[in-house]
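J.: Quick one: sequence plus predicted model below, questions after.
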Number of protein chains: 2
Amino acid sequence: MSAISHSEENYLKAIFHLGGEGKQSVATNAIARSIKTKPSSVTDMMKRLAEKDLVNYRKYKGVSLTEEGKKAALSIIRKHRLWEVFLVEKLNFSWDEVHEVAEQLEHIQSEKLVDLLDEHLGFPQYDPHGDPIPGKDGNYPSREKQLLSQFPEDSRGICIGVKDSSASFLKYLDRNKISLGDTIHVLEREDFDNSLLVNIGNRKMQISHQIAANLYLKML
Amino acid sequence: MSAISHSEENYLKAIFHLGGEGKQSVATNAIARSIKTKPSSVTDMMKRLAEKDLVNYRKYKGVSLTEEGKKAALSIIRKHRLWEVFLVEKLNFSWDEVHEVAEQLEHIQSEKLVDLLDEHLGFPQYDPHGDPIPGKDGNYPSREKQLLSQFPEDSRGICIGVKDSSASFLKYLDRNKISLGDTIHVLEREDFDNSLLVNIGNRKMQISHQIAANLYLKML
DNA sequence: AAATAAAATTAGACAAATCTAAAAATATGT
DNA sequence: ACATATTTTTAGATTTGTCTAATTTTATTT
């Protein structure tokens, strides 16, 4: 019944992102690593979240989100991504700078604010990194997105998002003029290091596995 | 050195609003009332703020802001008012709904965000209630001429001008026998609607925020 | 100026969220 | 399957911010 705290929201979000959308249970250590805290703190918090019926928790067995917990997580992610759109589209932030600010803005509590923001932005479907924005009703569009590293030779896809959204990776993409919406054509795979020779726009370029494993494409 | 917490920011803002802009010391009870907490909590916090050199505190003698504390307070007020402008101008909030949301948004930490927001809004000078927005450099429109709406309880000023000079406003002043040169004594502030109980000449009267935000006084 | 009232402070407790160090449960390797 | 390593949990301490109840200081009244 009582409100969900700032900190609890961060845990719910982390659990969701670690794959707890379904029923798979998420490990204590994984959560600790993800939000840069200690495993013992995670255990404490899991007990509190279980008490509030936001997670299913069994000692030593990991946690998963309850329906209510998933709803809460989606609401936070919705806010996070809407704010990211705002920062990039309206304030001209560059897409690699928005994350930490959105991380704060996502905790603002006002349903009216979120609704009006959504409207102000024209009800966007994707954030600046290409990740889908959950709906007001909690629906979460899952798309057939695949990592570039999984594409076979001579296949094509449209760049729709990143897996690693660290500043360094985003800067790499900027520097190499790879943007969301670009069509990428895989020409050759190099077996030795799993790198790819691809065609983007009209340029041929070599892409390391490291990069390819962090770029989501929609297969054509 | 360490960052100013959420809660500390609220205290600094309260002290500023209670008239601590200059050197007048602000009472513990007044602060407690203003942020809806207990006097003992205020005392605790004052010690912490004094430790950080954000306030001058002497037991039983009240507190005032140091230069650094004033700077911090102005920065929060700047953020609060810029967000209020955003909410009203861009998201179509009505002016009486923005306060509690801005109360949350003012704590977001990102200098770049504030600067870009300011620019996005066209560098507004006043918030939707007519209160001036402190500058990036910390300058705050002179104390000489201030809106009645900014006067703390139990302060006095001489009426020296109007902000809104529309016929309807001027007629209101006429009807209520409020003239330039009159001394106005603020007796009470009503938190709920920001209206004021004041003494003008020998009459007590209730003045709405709408009116108070359009009357300039010279503080005494 | 002594008595009383009001304001401010202290002492001690509590809840949230975290940590370290030690113990318990589970997983892994040979 | 037994020993070892890893993961997870517990126990106890810490920090921040708050509270209540008791005490001390300052202000007011007669």
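T.: Structure's in. What do you need?
J.: How about the secondary structure of the residue nearest to A:Leu105 when sequence neighbours are not counted?
T.: Leaving aside its sequence neighbours, A:Leu105 sits nearest to A:Trp83 (CB to CB, 6 or more residues apart in numbering or on different chains; 4.1 Å). For glycine as for every other residue, the C-beta is placed from the backbone atoms N, C-alpha and C. When classified by DSSP: H, G, I helix; E, B strand; the rest coil, A:Trp83 comes out as helix.
J.: Equivalent analysis for A:Gly161, please.
T.: Under three-state DSSP, A:Gly161 comes out as strand.
J.: just A:Gly157 next, same as before
T.: On the three-state scheme (three-state DSSP), A:Gly157 is labelled strand.
J.: Just the pLDDT at it, thanks.
T.: Looking at A:Gly157, its pLDDT reads 90.
J.: count of residues packed around the residue nearest to A:Leu105?
T.: Close neighbours of A:Trp83, defined as other CB atoms under 10 Å in any protein chain shown, add up to 23.
J.: That one and A:Glu103 touch, don't they?
T.: No: checked against CB atoms under 8 Å, the pair A:Trp83 and A:Glu103 is beyond contact range at 9.2 Å.
J.: What segments of chain A are strands?
T.: Using DSSP state E, the strands found in chain A span residues A:55-57, A:63-65, A:145-147, A:156-162, A:183-189, A:196-200, A:203-207, A:215-219.
J.: Nearest to chain B, out of those?
T.: For the strands of chain A, the distance to chain B is smallest for strand A:156-162, at 21.8 Å, taking CB to the nearest CB.
J.: Can you give the strand pairings for the closest one, parallel or anti for each?
T.: strand A:183-189 (antiparallel), strand A:215-219 (antiparallel) (DSSP bridges).
J.: Neighbours of A:His107, how many?
T.: By other CB under 10 Å, the residues close to A:His107 number 18.
J.: domain parsing for chain A?
T.: Annotated domains of chain A cover A:6-65, A:145-219 [automatic domain parsing].
J.: mind listing what A:Gly130 touches?
T.: A:159-162, A:180, A:216 (CB atoms under 8 Å, 6 or more residues apart in numbering or on different chains).
J.: State the distance from it to A:Tyr140.
T.: 15 Å (CB to CB, to the nearest Å).
J.: can I have stretch A:84-97 written out in CSV, keeping just the CAs?
T.: What follows is stretch A:84-97, C-alpha atoms only, in CSV (Å, rounded to 0.1, in the frame of the first residue of the first chain):
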residue,chain,number,x,y,z
GLU,A,84,15.3,10.9,-22.7
VAL,A,85,13.2,11.9,-25.7
PHE,A,86,12.5,15.2,-24.1
LEU,A,87,16.2,15.9,-23.4
VAL,A,88,17.3,15.1,-26.9
GLU,A,89,14.4,16.4,-29.0
LYS,A,90,13.5,19.6,-27.0
LEU,A,91,16.7,20.5,-25.2
ASN,A,92,19.2,19.3,-27.7
PHE,A,93,21.2,17.0,-25.4
SER,A,94,23.3,14.6,-27.4
TRP,A,95,22.1,11.0,-27.0
ASP,A,96,25.1,9.9,-25.0
GLU,A,97,24.5,12.4,-22.3
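J.: What are the contacting residues of that stretch?
T.: A:98-99, A:101-102, A:117, A:120-121, A:124, A:127-129, A:133, A:165, A:167, A:170-171, A:174, B:90, B:112-113, B:116-117, B:120.
J.: Give me the buried subset of the residues you listed.
T.: A:98-99, A:101-102, A:117, A:120, A:124, A:127-129, A:133, A:165, A:170, B:90, B:113, B:116-117, B:120 (16 or more other CB atoms under 10 Å in any protein chain shown).
J.: residues in contact with the residue most central in space within chain A?
T.: For chain A, the residue nearest the mean C-alpha position is A:Asp131 (6.0 Å; CA atoms, centre = their mean). Under the criterion of CB under 8 Å, 6+ apart, the neighbours of A:Asp131 are A:81, A:161.
J.: So what does it look like in phi/psi?
T.: According to degrees, to the nearest 10, the main-chain angles of A:Asp131 amount to phi -80, psi 140.
J.: For A:Glu84, see how far away it is.
T.: In terms of CB to CB, A:Asp131 sits 9 Å off from A:Glu84.
J.: Only alpha carbons, please: show stretch A:141-151 as PDB.
T.: What follows is stretch A:141-151, C-alpha atoms only, in PDB (Å, rounded to 0.1, in the frame of the first residue of the first chain):
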ATOM      1  CA  PRO A 141       6.200  -3.600 -27.400                       C
ATOM      2  CA  SER A 142       8.600  -6.500 -28.000                       C
ATOM      3  CA  ARG A 143      10.100  -6.300 -31.500                       C
ATOM      4  CA  GLU A 144      11.900  -8.800 -33.500                       C
ATOM      5  CA  LYS A 145      15.200  -7.100 -32.800                       C
ATOM      6  CA  GLN A 146      18.500  -9.000 -33.200                       C
ATOM      7  CA  LEU A 147      22.100  -8.200 -32.500                       C
ATOM      8  CA  LEU A 148      24.200  -7.400 -35.600                       C
ATOM      9  CA  SER A 149      26.600 -10.100 -34.500                       C
ATOM     10  CA  GLN A 150      24.000 -12.700 -35.200                       C
ATOM     11  CA  PHE A 151      23.400 -11.700 -38.800                       C
END
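J.: Give me the contacts around it.
T.: Counting contacts by CB under 8 Å, 6+ apart, the residues outside stretch A:141-151 that touch it are A:125, A:132, A:134-135, A:157, A:160-161, A:163, A:184, A:186, A:194, A:196, A:198, A:207, A:209, A:211-219.
J.: switch the cut-off to 7 Å
T.: With CB atoms under 7 Å, 6 or more residues apart in numbering or on different chains as the test, stretch A:141-151 has contacts from A:132, A:157, A:160-161, A:163, A:184, A:186, A:209, A:212-213, A:215-219.
J.: Write out the residues of chain A neighbouring DNA strand C.
T.: A:5-8, A:36-38, A:40-41, A:44-45, A:48, A:59-60 (CB under 7 Å from any atom of the strand).
J.: Now go through these and say which are in helices.
T.: Among the residues of chain A next to DNA strand C, DSSP state H puts A:6-8, A:40-41, A:44-45, A:48 in helices.
J.: Reformat those as TSV; add neighbour count.
T.: Listed next are these as TSV, based on neighbours: other CB atoms under 10 Å in any protein chain shown:
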residue	neighbour count
A:His6	12
A:Ser7	14
A:Glu8	18
A:Ser40	10
A:Ser41	15
A:Asp44	12
A:Met45	24
A:Arg48	15
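J.: ok, A:Tyr57 - contacts?
T.: A:46-47, A:50, A:63.
J.: now it: how far from A:Met205?
T.: Distance of A:Tyr57 to A:Met205, computed by CB to CB: 47 Å.
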